[in-house]
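S.K.: The following block contains a protein sequence and its predicted model.
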Amino acid sequence: MKGFHQRKPFLLNLTRMSKFSSSNFKNKKALIRVDFNVPLDDKYNITDDTRMRATIPTIQKVLNDSGSVILMSHLGRPKEGPTEKYSLKHVVKHLSDLLGGKTVLFANDCIGEEAVNKAANLKPGEVLLLENLRFYKQEEKGDEAFAEKLSKLGDVYINDAFGTAHRAHASTAVIAKFFSPENKMFGLVMEGEVASAEKIMHKSEKPFVAIIGGAKVSDKILILENLLEKATDIIIGGGMAYTFFKAFDGQIGKSLVEDDRIETAKDLMKKAEEKGVCIHLPPDSIIADKFANDANVSSSLSNTIPDGWMGLDIGAMAIEQFSKIIREAKTILWNGPMGVFEFEKFQHGTKEVACAVAESSQDGAYSLVGGGDSVAAVNQFGYANKVSYVSTGGGALLEYFEGKTLPGIAAIQEELQTA
Ligand code: 3PG
Ligand code: MG
């Protein structure tokens, strides 16, 4: 597992972002909202610990200052209160390993007597993890009384859960009001994520190439519309590309298509033309006779796919064209794979795009890779350390690039801006 890595750190806006690094947590209880919503297999092994590893420097800084750490997080989407499957006790051992074998205390509840006592008795240098916040419905409802109870556990509130920053929940946003401005801040993950996303969104050097992939146009409409205001080129790959081909009377066989998004696709192409943004669709595709790794495979122009066949990856011409555009970019945002890369036969396009992003980054472009699948791809193909920044955010990153205000960021950033 590779993953979270900031290859070329750039200067944060120091007046706004350095609060955490310049704070001293000696004898303070730091209540840190992290996103430990990690994937677990049937035996509760963590299959991708990127989000956990990302928070270690934040935790370590507080401990090094002789402060104590109280971690709170959600895991999954429990519907019925406490559920074994969603207990955060499953991550205690791994957290302890990541902290070099340090003991990690655990409270079987995030509020109530046990949590209060364990938090109160915490000594400098100790770490306590609270049970899943979502075992209480009040968390997702953003309940004030619940947020206030959580707030009482610590002296300082640190939000380091970028992955959950798009949720206006009790622990991510509402809780901030119970801390004075000097006692609430972002942690290092949040600082890094926000700085990276802002660099792309507001300080991008041109050419700015956005690579957007994935299965559905409907998931990506808002981000595409917003990128039309920012990007020089937009590369579209993955299943969503075939809705665009169909919109212009292409024959797409039985490729994935959203018939109710055909007008949207036409509209996006028209807007791009008006704004002088180049949209690049894959001229050719790797096609298959069924959605499976053992399918029969061929290649075809993307707008003349024979009946009974479907596009599952971009083709050789597309790879060449996309790679050239990516190598000339100064700023790159990549969200979504180019094909069904979990099947070996259809991973070539995504792998080559990952390679082009890595090479361009090594040549000086700034690249941000975000969204579960594209992050999994750079990890799988060994390029995570060769791009500028790998985000820990899925939905949160998408919403950021849709131009939305993320509640988890706003709850703290507004204070920082007026401070
Ligand atoms: C995520 O993985 O998207 C975050 O941890 C937030 O979880 P959620 O989508 O269940 O709110
Ligand atoms: Mg989500």
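M.R.: Received, thanks. Ligands and ions are numbered 1, 2, ... in the order given.
S.K.: Ala318 and ligand 1: what is the separation?
M.R.: Distance, Ala318 to ligand 1, using Cβ to the nearest ligand atom, to the nearest Å: 30 Å. To be clear about C-beta, it is placed using only N, CA and C from the backbone, and glycine gets the same treatment.
S.K.: now whatever residue of the chain ends up closest to ligand 1, what's its secondary structure?
M.R.: Going by Cβ to the nearest ligand atom, ligand 1 is nearest to Asn37 of the chain, at 3.4 Å. In three-state terms, and counting by DSSP: H, G, I helix; E, B strand; the rest coil, Asn37 is coil.
S.K.: How about Asp219?
M.R.: coil.
S.K.: Could you report the neighbour count for it?
M.R.: 17 (other Cβ atoms under 10 Å).
S.K.: The residue of the chain closest to ligand 1 touches Asp49, doesn't it?
M.R.: No: at 11.7 Å, Asn37 and Asp49 do not qualify as touching, with contact defined as Cβ atoms under 8 Å.
S.K.: re the thing from before, who are the contact partners of the residue of the chain closest to ligand 1?
M.R.: By Cβ atoms under 8 Å, 6 or more residues apart in numbering, Asn37 lies in contact with 51, 73-76, 163-164.
S.K.: buried subset of these?
M.R.: With burial judged by 16 or more other Cβ atoms under 10 Å, the buried subset of the contacts of Asn37 is 51, 73-75, 163-164.
S.K.: who's in contact with Ser23?
M.R.: Taking Cβ under 8 Å, 6+ apart as the test, what Ser23 contacts is 65, 156, 185.
S.K.: Count the neighbours of the last one for me.
M.R.: Using other Cβ under 10 Å, Met185 is surrounded by 26 other residues.
S.K.: Could you do the second one as well?
M.R.: When neighbours are counted by other Cβ under 10 Å, Val156 registers 21.
S.K.: buried set for stretch 248-267?
M.R.: By neighbour count on 16+ other Cβ under 10 Å, the buried set for stretch 248-267 is 250, 252-258, 261-262, 264-265.
S.K.: If you could redo that for stretch 95-112, that was the one I meant.
M.R.: For stretch 95-112, by 16+ other Cβ under 10 Å, it's 95, 98-99, 104-107, 109-111.
S.K.: what about that stretch, average pLDDT?
M.R.: Mean per-residue pLDDT for stretch 95-112: 98.
S.K.: Spell out which residues of the stretch 301-419 of the chain are next to ligand 1.
M.R.: Residues of the stretch 301-419 of the chain lying near ligand 1 by Cβ under 6 Å from any ligand atom: 394-395.
S.K.: ok, which stretches of the stretch 301-419 of the chain are helices?
M.R.: 316-327, 348-362, 372-380, 395-401, 407-418 (DSSP state H, counting those that start in this stretch).
S.K.: ok, now which ones touch the closest residue to Pro306 other than its chain neighbours?
M.R.: In space, and not counting its chain neighbours, Pro306 is closest to Gly253: 5.7 Å by Cβ to Cβ, 6 or more residues apart in numbering. Neighbouring residues of Gly253 by Cβ under 8 Å, 6+ apart: 287, 305-311.
S.K.: Quick check: PyMOL command selecting the buried ones in the residues you listed.
M.R.: Applying 16+ other Cβ under 10 Å to these, the buried members can be selected in PyMOL as follows:
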select buried, resi 287+305+309+310+311
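S.K.: Dump the contacts of Gly253 to TSV, plus pLDDT.
M.R.: Converted to TSV, the contacts of Gly253 look like this (pLDDT from 0 to 100):
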residue	pLDDT
Ile287	98
Ile305	98
Pro306	98
Asp307	98
Gly308	98
Trp309	98
Met310	98
Gly311	98
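S.K.: Quick one: name the residues of the stretch 101-250 of the chain near ligand 1.
M.R.: Checking the stretch 101-250 of the chain against ligand 1 by Cβ under 6 Å from any ligand atom, the hits are 163-164, 167.
S.K.: show me where pLDDT drops low in this structure?
M.R.: Applying pLDDT under 70 to the chain picks out residues 1-17, 414-419.
S.K.: Might one say that Ser300 is in contact with Ala288?
M.R.: No: using Cβ under 8 Å, Ser300 is not in contact with Ala288; the gap is 10.6 Å.
S.K.: Just give the closest residue to Val277, not the sequence neighbours.
M.R.: Leu228 (5.3 Å).
S.K.: Can you give me every residue that contacts Lys43?
M.R.: By Cβ under 8 Å, 6+ apart, the contact set of Lys43 is empty.
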